[in-house]
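1. sequence and predicted model, in that order:
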Amino acid sequence: SGAQNYEVQLPTKEDPKPEELEKLHNLCRIKVHSLAAGEFGPTKSIKGKEVARPPEPVPGKKAPSPSTKDRPDTIRIKNIPIGYTTEVVETAIQKEFCSKPRIHSLALHTKERLCATVTFPDEEYGFPTEQLPKVIQARRSHPSAPNIHIVAVVGLGTHAFGTFRSTSRGSHEMWLRDFLPEDIPNTRILLYGYPSTVPGGQSMEKVEDIATTFLNRLTLLRKNTLVDVPPLSIDISRTNTDTASQTGKRPIIFIGQSLGGLIVQESLLRAADSGNSDEREVYDSWHGLVGFGIPIAGLNNPSLIEAVKSQPNKVLIGQLCRDEKSGTPSNYLIELKHRFEGCCKRKERSSYAPEVLYFWERHYSQPRTRNGIVGEKILMVEDSATPGARTLPLNSDHSGMVKYNSRADLLYEDVSNNIKGMVESVVERKDVALSIPVNEAQQGSGERIINKPSAPRRRGTFLSEDEL
């Protein structure tokens, strides 16, 4: 941590493997946080180095808290065999780390591997000296294949998981993982993060570059996580595609936070004109966009421009921020807004109009300057009229718009109910498509399905097993 040292002894039997050293490094980092949290006073070691040692117990004095953090760290564990259940993963981790974990999610990561998010209690951790034990293949306990993909993209210089995490002290809850799947079942929720450090940033990436990488990774993820599932309980003769290919065509609803919304818009523009059929499928499957403080008219943060004026990432910041003198958005933002509006109209003409909803902040934010000093209160992103899009205010600042402490949070209710409405529209649209006779659908394939007689809206109605 730069403030304290913590000494450990490696196994002497044989040289540790690289993966063991990596785990050890992470555990040492956790240990340093724990030591610093306990307000352990540094004492001089024999070699004169500052080494943290536990204080002598004082009668009548309450023991210090074992952690400085308001909330426990959430750790992501990847490369889990697809046959592992939550119980198997918990047993393996408990044996390896000598600490009982809490498994919050276990989801498909690739065709043959799973990914879990885990928190540990605040306690001493044992140091691993062996690889994860081999566990007998167990029956998968995961739910049936989801019907819709909800893909969230974070903003500038933020932590992907922490961006959407509860701010309550001691809480580990994150609404995309802990609330939304229960309120909107049969969905696969994906979270995308990317390196976008502002202070000291050395990347020359622009919005276009980040969007290209995002589109490529999303395309590969949808392609590489196809799973065999039972067919729908509908007339399969109406489609010529098999189950596996249908799985890659699940409808997509995007969630974009600040810069993340611009990345989504840019990636959709690229997908629409792509010669790659898999990338084009992302555009074809796109049904909605929910934006939180997307700087369509520019980010109002002069200190941000000042912080990066001599860094390579000044190009990216220049795309996002308003001009310091005129207060107008950058040429890139003006062009992106025009192109994205055209993209929405193009999709409406060819198939259906995508649903676009923008949430705007209604609290001022206090950005920090380059030296870490809290600046003046400003409205980071102002609402911007966009043709065809709905706009709603959220009584929060730029960062708090996507942080909810519980399912009962009024802001979460506003957001989740609107996302649920989008999902129901997808279901309704599919119901209408399925109600059209095959010969009529073939003869009028160029007609907009959205103009057909609408099926009655049924809240919470989903087609199970595979695709909508």
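-> Right, received. Where do you want to start? Residues are numbered from 1 along each chain as shown.

2. can you pull the pLDDT of the residue lying closest to L108 once chain neighbours are set aside?
-> Closest residue to L108 apart from its sequence neighbours, by C-beta to C-beta, 6 or more residues apart in numbering: T225 at 5.3 Å. C-beta coordinates here come from the backbone N, C-alpha and C atoms, glycine included. Looking at T225, its pLDDT is 75.

3. gap between T225 and F120?
-> As judged by C-beta to C-beta, to the nearest Å, T225 and F120 stand 28 Å apart.

4. so, low pLDDT: which residues of this structure?
-> When the per-residue scores of the chain are filtered using pLDDT under 70, the ranges that remain are 1-16, 19-20, 29, 31-72, 111, 121-145, 226-248, 368-375, 433-468.

5. quick check: longest helix in it by residues?
-> When secondary structure is assigned using DSSP state H, the longest helix within the chain turns out to be helix 410-435.

6. helices or strands next to that helix in the packing?
-> Using 3 or more C-beta pairs under 8 Å, 6 or more residues apart in numbering; DSSP states H and E as the contact definition, the elements that helix 410-435 packs against are strand 148-153, helix 180-183, strand 252-257, strand 286-292, strand 355-361, strand 390-394.

7. out of the ones you listed, which one sits most buried?
-> Stretch with highest mean neighbour count among the helices and strands packed on helix 410-435: strand 252-257 (a mean of 26; mean count of other C-beta atoms under 10 Å).

8. name the residues that touch that strand?
-> The set of residues external to strand 252-257 that reach it, using C-beta atoms under 8 Å, 6 or more residues apart in numbering, is 148-155, 158, 163-164, 176, 262-265, 268, 282, 285-294, 401-402, 419, 422-423, 426.

9. neighbouring strands for it, and are they parallel or not?
-> Strand 252-257 pairs in its sheet with strand 148-153 (parallel), strand 286-292 (parallel), by DSSP bridges.

10. residues near the nearest residue to Y364 once chain neighbours are set aside, how many?
-> Closest residue to Y364 apart from its sequence neighbours, by C-beta to C-beta, 6+ apart: K377 at 3.9 Å. When neighbours are counted by other C-beta atoms under 10 Å, K377 registers 12.

11. for the one 4 residues further on, same thing?
-> Applying the criterion other C-beta under 10 Å, we find 26 residues in the vicinity of V381.

12. so it versus N301, what's the distance?
-> Taking C-beta to C-beta as the measure, V381 falls 9 Å from N301.

13. for F340, same thing?
-> 22 Å.

14. ok, now T86?
-> Counting by C-beta to C-beta, the separation of T86 from N301 is 42 Å.

15. repeat for K430
-> If you measure K430 against N301 using C-beta to C-beta, the figure is 42 Å.

16. which one of these two has more residues nearby?
-> More neighbours surround N301 than the other of K430 and N301, with 22 against 18 (other C-beta under 10 Å).

17. run through the residues that contact the more buried one.
-> Applying C-beta under 8 Å, 6+ apart, the residues near N301 are C321, P367, I378, M380.

18. thanks a lot, catch you later.
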